[in-house]
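Engineer: When you get a sec, could you give me coordinates for this:
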Amino acid sequence: MQNKVQLDNYKKLMAYLDQHFKEAINIKRIEEICHYSYRNINRIFQAIHGETIGKYIKRIRLEKAAEYLKYSSIKISDITFEVGFEDIAAFSKAFKKRYRCTPSAFRSRCQTLQDITRKTLFPSHNEREQLSYKIEYLPQFETLYLEYKGAYDNISELQQMWEHFFTYLEQKNLYSEQAIFMGECLDDDAISDAIHCRYRLSLLLDRPLDFQPDGLFQTKRHPQQKYAKFIHQGSHETCPETYQKIYAFWMFDVGLELKDAPTLEFYPNDLPSTPINELITEIYIPIE
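Structural biologist: Take a look at the predicted model:
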């Protein structure tokens, strides 16, 4: 997709779908965004994503429903309508086809796995220290980002993406020692297939850009949000271990209701000179 107009329309389409996937497909609005017939848009979309717009939306809805089942106590009937299904029977049928079990069985399985994780990490509940965290409010801010799709544990590919990102920032005179870098995790890799997991490499902007982002680079405005902040110290490869502890002991140590928003990671000392065991990842989990 070399044509700049086509690329800009594609970015607008993806932004629209990600914001409105819980709603009925608005074919007229999609045609207005892309300036093509819906039939042709679907062909282009399928060539890029390997699935039609309809299947993409259905998958995102089911993955969001799975997140609600895993991380909340919201009733299944309420989840059904929240993610855009019109009736429970249709939702249950689609969910079972995607995850090979009913929504209630999926929730039960997640709870069982969390119990096993807790017992594996600490056979005796008294052997561990409680999770250490702080409640923080991040004000509204804007980022320039590049989206990566793939397995979160593919560190080498992520490093290549970061290098590409840094090169772009240097070309645009946005790179500095004072720059604040952030990762935005949009999906749960235990729920979404690895090829569909989205991670956004981001730079916090201290002023509006004086140019239009090129290629697949985009900007995003993050609203003010309340977070539970955790600290991971060590390599990025071991970061999943901290996430495992956070979610395994969330109800015991935190007990706050999770917010339907992306998890953020900040990298305050991620420099070539920093020893791996001293690397810090600040994990911000959105809460109500």
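Engineer: hey, where'd the helices end up in the protein?
Structural biologist: 4-20, 27-34, 38-49, 53-71, 76-82, 88-99, 103-121, 155-171, 239-248 (DSSP state H).
Engineer: Of all the ones you listed, which one is nearest residue 138?
Structural biologist: Among the helices of the chain, the nearest to residue 138 by Cβ to Cβ is helix 239-248 (17.9 Å). All C-beta atoms are positioned from the backbone trio N, CA, C, and that covers glycine.
Engineer: As CSV, the helices of the chain with distance to residue 132, mean pLDDT and mean neighbour count would be great.
Structural biologist: Shown next, in CSV, are the helices of the chain (distance: least, Cβ to Cβ, whole Å; pLDDT from 0 to 100; neighbours: other Cβ atoms under 10 Å):
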stretch, distance to residue 132, mean pLDDT, mean neighbour count
helix 4-20, 33, 87, 15
helix 27-34, 45, 92, 15
helix 38-49, 40, 89, 15
helix 53-71, 21, 95, 20
helix 76-82, 31, 96, 16
helix 88-99, 34, 96, 16
helix 103-121, 15, 92, 15
helix 155-171, 26, 94, 14
helix 239-248, 11, 93, 17
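Engineer: Just tell me which of these ends up closest to residue 230.
Structural biologist: helix 239-248 (5.8 Å).
Engineer: For stretch 174-194, give me every contacting residue.
Structural biologist: If you take Cβ atoms under 8 Å, 6 or more residues apart in numbering as the criterion, stretch 174-194 is touched by 63, 66-67, 70, 143-145, 150-153, 166, 169, 196-204, 262-267, 270.
Engineer: rewinding a little: can the helices of the chain go into TSV with extra columns for distance to residue 233?
Structural biologist: Compiled in TSV, those are given as follows (distance: least, Cβ to Cβ, whole Å):
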stretch	distance to residue 233
helix 4-20	32
helix 27-34	44
helix 38-49	37
helix 53-71	25
helix 76-82	36
helix 88-99	34
helix 103-121	17
helix 155-171	17
helix 239-248	9
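Engineer: which residues touch the closest residue to residue 15 other than its chain neighbours?
Structural biologist: Using Cβ to Cβ, 6 or more residues apart in numbering and skipping the chain neighbours, the partner closest in space to residue 15 is residue 218 (7.7 Å). For residue 218, the contacting residues are 11, 15, 144-147, by Cβ under 8 Å, 6+ apart.
Engineer: Closest one of these to residue 110?
Structural biologist: For those, the nearest to residue 110 is residue 147 (26.9 Å; Cβ to Cβ).
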